[in-house]
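[1] No sequence on hand, only this structure:
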């Protein structure tokens, strides 16, 4: 394994000195300029920071997030500090045996630092551990409460960790006299306006739900306790606003729930009166979640470096344009 260069080593020391496990991009930039003051104001600062992070990742010092910004080269939204290289990846002889419950890890040539931490925890605590929420266990084992948020490595399961995944609650409001459709709205103000517009004549919408932004990518599983016949969604027209319902739909279908479909009439109404705000969107793949008739318009919006906030479809628009109800009925 190649050792990091002097700038990367100094960067690692500065990051470790913060006492934090997860370091956001802004703090990475500040620490890098402190590690190499010659980069202050330099056009090569981004490139050299990316290279230093790559060195530290290869050495097992840190782990970047998959999500990055849109710069060239891209920088991670944050990094998670791992153990030192000697502790994170010891030789098999030094590491000792694998716990019986981690039989899938035996074949791994270079197990992740997290898996090694779990192995130590199992030997020390598994026999008397009680079941706790997964983030509590992640904090106990790794020092990072979000360490187990994604796919678990090396055959790990919540059962092995004596933990349970907690589904965030989803706020739902009934609309008496409505039909079988649940309409999920990204933001609270628009939820209030839609509730007032729908109450006199809810039509196919029997319930409203507040998605609460990105929380819906997990809280969609709360629908398992009382599944609706169909789910429609209305959010902002920007990268996150489309990524959220698409990810929620994938998760919902994986658990036998109805797919999350766009509330087409509301999105069409948003594209008419909305006032675009500046936003750089490079990845347009989630535009495919929308109905075909809207995709071209939204790609053009993104290509122009703009976004639309759903609050543009407010009380006045809802009162004067009944076409926003299009696409709410179950297919």
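    Yep, it's here. Keep in mind that this is a model prediction, so the values were computed, not measured.
[2] so residue 208 is in which element?
    For residue 208, the enclosing helix or strand under DSSP states H and E is strand 205-210.
[3] no, scratch that, I was asking about residue 251
    helix 239-254.
[4] what's that helix packed up against?
    helix 216-219, strand 230-234, strand 260-262 (3 or more C-beta pairs under 8 Å, 6 or more residues apart in numbering; DSSP states H and E). No exception for glycine: its C-beta is placed from N, CA and C like everyone else's.
[5] Now render those as TSV, adding mean pLDDT and mean neighbour count.
    Formatted as TSV, the entries for the helices and strands packed on helix 239-254 read as follows, by pLDDT from 0 to 100; neighbours: other C-beta atoms under 10 Å:
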stretch	mean pLDDT	mean neighbour count
helix 216-219	91	20
strand 230-234	98	25
strand 260-262	97	22
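[6] can you list those in JSON lines and add distance to residue 158?
    Conversion of those to JSON lines gives the following (distance: least, C-beta to C-beta, whole Å):
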{"stretch": "helix 216-219", "distance to residue 158": "14"}
{"stretch": "strand 230-234", "distance to residue 158": "26"}
{"stretch": "strand 260-262", "distance to residue 158": "24"}
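[7] What confidence value was assigned to residue 214?
    The score at residue 214 is 87. That number is its pLDDT.
[8] Could you do residue 103 as well?
    pLDDT, residue 103: 76.
[9] contacting residues around it?
    If a contact means C-beta atoms under 8 Å, 6 or more residues apart in numbering, then residue 103 has residue 155 as its contacts.
[10] do you know how far it is from residue 156?
    For residue 103, the distance to residue 156 under the criterion C-beta to C-beta, to the nearest Å works out to 12 Å.
[11] same thing with residue 149?
    Taken as C-beta to C-beta, the span from residue 149 to residue 156 is 13 Å.
[12] Just want to know which of the two has more residues nearby.
    When residue 149 and residue 156 are compared on other C-beta atoms under 10 Å, the one with more neighbours turns out to be residue 156, at 20 against 13.
[13] leaving aside the residues next to it on the chain, what's closest to the more buried one?
    Nearest residue to residue 156, sequence neighbours excluded (C-beta to C-beta, 6 or more residues apart in numbering): residue 118, at 6.4 Å.
[14] which element follows the host helix or strand of that neighbour toward the C-terminus?
    In this assignment (DSSP H and E), residue 118 forms part of helix 113-125. Moving toward the C-terminus from helix 113-125, the first helix or strand encountered (DSSP H and E) is strand 132-133.
[15] The next helix-or-strand element following that following strand vs helix 113-125, what angle?
    Of the helices and strands lying after strand 132-133 in sequence (DSSP H and E), the nearest is helix 134-142. In this structure, helix 134-142 runs at an angle of 90 degrees to helix 113-125, with axes from the mean of the first three to the mean of the last three C-alpha atoms, to 10 degrees as the basis.
[16] And the contacts of helix 134-142?
    Applying C-beta under 8 Å, 6+ apart, the set of residues contacting helix 134-142 from outside is 21, 114, 117-118, 121, 132, 144-149, 158, 161-166.
[17] From these, list the buried ones, please.
    21, 114, 117-118, 121, 132, 144-148, 161-163 (16 or more other C-beta atoms under 10 Å).
[18] if I look at the closest residue to residue 61 other than its chain neighbours, how far off is residue 74?
    Closest residue to residue 61 apart from its sequence neighbours, by C-beta to C-beta, 6+ apart: residue 12 at 5.0 Å. Taking C-beta to C-beta as the measure, residue 12 falls 20 Å from residue 74.
[19] okay, those two: which has more neighbours?
    Between residue 12 and residue 74, residue 12 has the larger neighbour count (other C-beta under 10 Å), namely 23 against 14.
[20] Could I get the buried residue list for the one helix or strand that one maps to?
    Assessed by DSSP H and E, residue 12 sits inside helix 6-17. Residues 7-12, 14-15 are the ones in helix 6-17 that count as buried (16+ other C-beta under 10 Å).
[21] Please apply the same query to stretch 250-258.
    For stretch 250-258, a neighbour-count test (16+ other C-beta under 10 Å) marks 251-252, 257-258 as buried.
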